[in-house]
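Trainee: Have a look; sequence and predicted model below, questions after that.
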Amino acid sequence: MADVGYALDDLIMTAPKYAKHYNFTLTNSSEFGVHGYDYTVPEMHPFFMARGPKIKKQHKVAPFHTVDLFNLFTEILELPPVANNGSLGNVVDVLSENRGRYSIGSIVAMSVGGVLLVLFLVSLAVVIVLIMIKRQQNLTTMAALNKRFPANFPKQYHRGTALARTRRGVEIFVLRG
C-alpha cells in the first residue's frame, strides 16, 4: 500500500511518457488517480450519487463499501443476487419505500387523463360529423327550393348552380360558389 501523497513505482516510471503524450508539465504536486492506496483513509473514499424511481430523493447515506453496490444494483434491476462479498443491508437505506414503477396516484392520474382525452376526441368527432351533416342538409334544402320555387329563390344562387345526376339517377343541384 502506498501512503497518501506518494505514487506507486510503475506510475513514477510512466508519468514522463504520459506528460509528453498529453502535453502537460509534470511537477512534484501533480496528482494522479491510481489504485493501491489504503481504502480506510478518508481522502480515498469515493462519493456516490444515484437517481431513479427506486432511489430516495435528497437523501444522504452513511459510507459503505463499494462491493455493496452489486447487491444494490441487483435489487434495483430485480435480478436474483448471487454470492458475493457485499451486503444489501449496508445500502438498503438508498432504496425508496415505494419500489414499484408507478404509484397509485400516478396510475389514477394517467387513467383519468386517458379517459378525458378519449372523451374529448369522441366529442370532437361528433361535432365534425354534425357540422358536415348540417352543411349537406343546407345544400340539399337550397337545391330543392331552387327546383320547386325558382322565382322566389334568391338570384345569387341561380348563377352558380348546375344540374347533376347521381349514379342512382337522382337529380340534384350543385352549388358552385
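Mentor: Good, I have the coordinates. These numbers were taken from a predicted model, which means no experiment stands behind them.
Trainee: Spell out the residue ranges of the strands in this structure.
Mentor: 161-165, 171-175 (DSSP state E).
Trainee: quick one: low-confidence parts of this protein?
Mentor: 1-10, 32-37, 98-103, 149-177 (pLDDT under 70).
Trainee: Mind doing that once more with 90?
Mentor: Residues of the chain that meet the criterion pLDDT under 90 lie in 1-19, 21-48, 51-67, 75-78, 81, 85-107, 138-177.
Trainee: Let me see the domain layout of it.
Mentor: The chain resolves into domains spanning 9-94, 104-175 when parsed by automatic domain parsing.
Trainee: Using TSV, lay out these together with mean neighbour count.
Mentor: Backbone N, C-alpha and C define where each C-beta goes, glycine included. Below are those laid out as TSV (neighbours: other Cβ atoms under 10 Å):
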stretch	mean neighbour count
domain 9-94	11
domain 104-175	11
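Trainee: can you give me the helices in this structure?
Mentor: Remark: helices assigned in the chain by DSSP state H are 9-21, 68-76, 104-148, 156-159.
Trainee: Please render the ones you listed as CSV that adds distance to residue 41 to the earlier fields.
Mentor: What follows is the helices of the chain, written out as CSV (distance: least, Cβ to Cβ, whole Å):
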stretch, distance to residue 41
helix 9-21, 18
helix 68-76, 19
helix 104-148, 44
helix 156-159, 96
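Trainee: Select, out of those, the one closest to residue 86.
Mentor: With Cβ to Cβ, the closest approach to residue 86 among these belongs to helix 68-76: 4.1 Å.
Trainee: List the contacts of the closest one.
Mentor: With contact meaning Cβ atoms under 8 Å, 6 or more residues apart in numbering, helix 68-76 is reached by 48, 52, 54-55, 79-82, 84, 86-88, 90-92, 94-95.
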